[in-house]
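Student: sequence below, structure please.
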Amino acid sequence: MRVLITGAAGYMASRLINVLVSEGHDVIGFDIKPPQEEIEFVQGDIMELPEKILKDIDAVIHLASISDDASANANPLRAFEINWRGTAVVAKACKRMGVKKFMFASTASIYARTLEEDTEPLGEEAEVWPEAVYAVSKYLAEKEIMALADEDFKPIIFRHGTVYGLAPQMRYNIVVHSFLRDALFQGRVKLHSGGKAYRPLVHLDDVAKVYADFLEKEIVGIFNMAEGNYRVKEVAEAVGRALGHPLEMIVVPSPLPPFSYRMKMEKMESVGFHLENNLVERICWMVKRIRERI
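Tutor: Reported below is the predicted structural model:
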């Protein structure tokens, strides 16, 4: 299958590209800078996606985005431009050019609620009212995409939990990664508001596998993707167990009310995907690899 990946130089793409290539797919990357992987690559901004590169493309995996709250809050107009309008540009171009399969990386932060409101995990059909710039921009993009769905254009939206795991192109502003970095180099971690908020987590290897396997499935719709929901304090404790000793945890006030993102995973499981919940084991592997390098 000939697959175009936008955001090809980013964290998730750097693992996904390797998986798709190993499975025999013909992968083309699109981004504002080249990826590390040696694949066919077109450089550009998604707001100006050249439609000619979509000729003979079987599937598009749209990962390009302003990908976290801090970056989105720093420049909200840019976040809406890339995450909402840019996604609409790509999706509409795919439909015009006859690309049948379109996959979009959305976010579990769409489900963000205060601790008091977080009474149960939410499923894909739940009514949501995202407030943060990043979450709103992704939610609006989802609406644009699903409005295009028909017999000839079949979009799939994944609401990712927080992705973690080693990759050729790393990100460190992720809860597992930031805790692991601080624990290794400072011997302690900081917990905002006691670490009571929940975060759904998903390992990068599972993310890559899900995308690769969904290329072969005739499925349309929105799917939550996570291995489980963890309190932030539980994540810090898992890092401590992986390191072999309890961590010093410093409780600091949060600049904003803490939000939880708990979500249900039954819909993903109903189509044959059960993601293993083995957070400590996977962090242990990350620790081993990191210690080999330093």
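Student: CA atoms for contacts and neighbours, from now on please.
Tutor: Will do.
Student: tell me which residues touch the most centrally placed residue in the chain, please.
Tutor: Geometric centre of the chain, nearest residue: His160, 4.5 Å, by Cα atoms, centre = their mean. Contact partners of His160, counting by Cα atoms under 8 Å, 6 or more residues apart in numbering, are 105-108, 202, 224-226.
Student: same thing but at 7 Å, please
Tutor: Residues in contact with His160, defined by Cα atoms under 7 Å, 6 or more residues apart in numbering, are 105-108, 224-226.
Student: tell me the one of the residues you listed nearest Gly123?
Tutor: Gly123 has its nearest neighbour among the contacts of His160 in Asn224, at 7.5 Å by Cα to Cα.
Student: mind listing what Val220 touches?
Tutor: Counting by Cα under 7 Å, 6+ apart, Val220 has contacts 154-156.
Student: could you dump those residues to CSV with neighbour count, pLDDT and distance to Lys190?
Tutor: As requested, the contacts of Val220 are arranged in CSV below (neighbours: other Cα atoms under 10 Å; pLDDT from 0 to 100; distance: Cα to Cα, whole Å):
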residue, neighbour count, pLDDT, distance to Lys190
Lys154, 21, 90, 43
Pro155, 27, 96, 39
Ile156, 24, 97, 36
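Student: now tabulate the residues you listed in a markdown table and tack on secondary structure.
Tutor: As requested, these are arranged in a markdown table below (DSSP: H, G, I helix; E, B strand; the rest coil):
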| residue | secondary structure |
| --- | --- |
| Lys154 | strand |
| Pro155 | strand |
| Ile156 | strand |
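Student: residues near Met213, how many?
Tutor: Just so we're on the same page, residue 213 is Asp rather than Met. Neighbour count of Asp213, defined by other Cα atoms under 10 Å: 11.
Student: pretty sure it sits in a helix.
Tutor: Yes: according to three-state DSSP, Asp213 belongs to a helix.
Student: so who does it touch?
Tutor: So Asp213 contacts nothing (Cα under 7 Å, 6+ apart).
Student: do you know the pLDDT at it?
Tutor: pLDDT for Asp213: 95.
Student: try Glu292
Tutor: Confidence for Glu292, expressed as pLDDT, is 84.
Student: count of neighbours near it?
Tutor: 8.
Student: hmm, back to that, quick check: bridge partners of the residue nearest to the centre of the chain?
Tutor: Beta-bridge partners for His160, by DSSP bridges, are Thr107, Met225.
Student: from Ala9, how far out is it?
Tutor: 19 Å (Cα to Cα, to the nearest Å).
Student: isn't Ser260 up against Ala112?
Tutor: Yes: Ser260 is in contact with Ala112 according to Cα atoms under 7 Å; the separation is 5.3 Å.
Student: for the chain, what are the low-confidence residue spans?
Tutor: Across the chain, the ranges flagged by pLDDT under 70 are 294.
Student: find the nearest non-adjacent residue to Ala112, please.
Tutor: Excluding the flanking residues, the one nearest Ala112 by Cα to Cα, 6 or more residues apart in numbering is Tyr261, at 4.7 Å.
Student: touching stretch 171-190 from outside, list them.
Tutor: Residues contacting stretch 171-190 (Cα under 7 Å, 6+ apart): 11, 164, 235-236, 239, 247-252.
Student: could you redo the last one with a cut-off of 6 Å?
Tutor: For stretch 171-190, the external contacting residues (Cα atoms under 6 Å, 6 or more residues apart in numbering) are 247-251.
Student: good, we can wrap up now.
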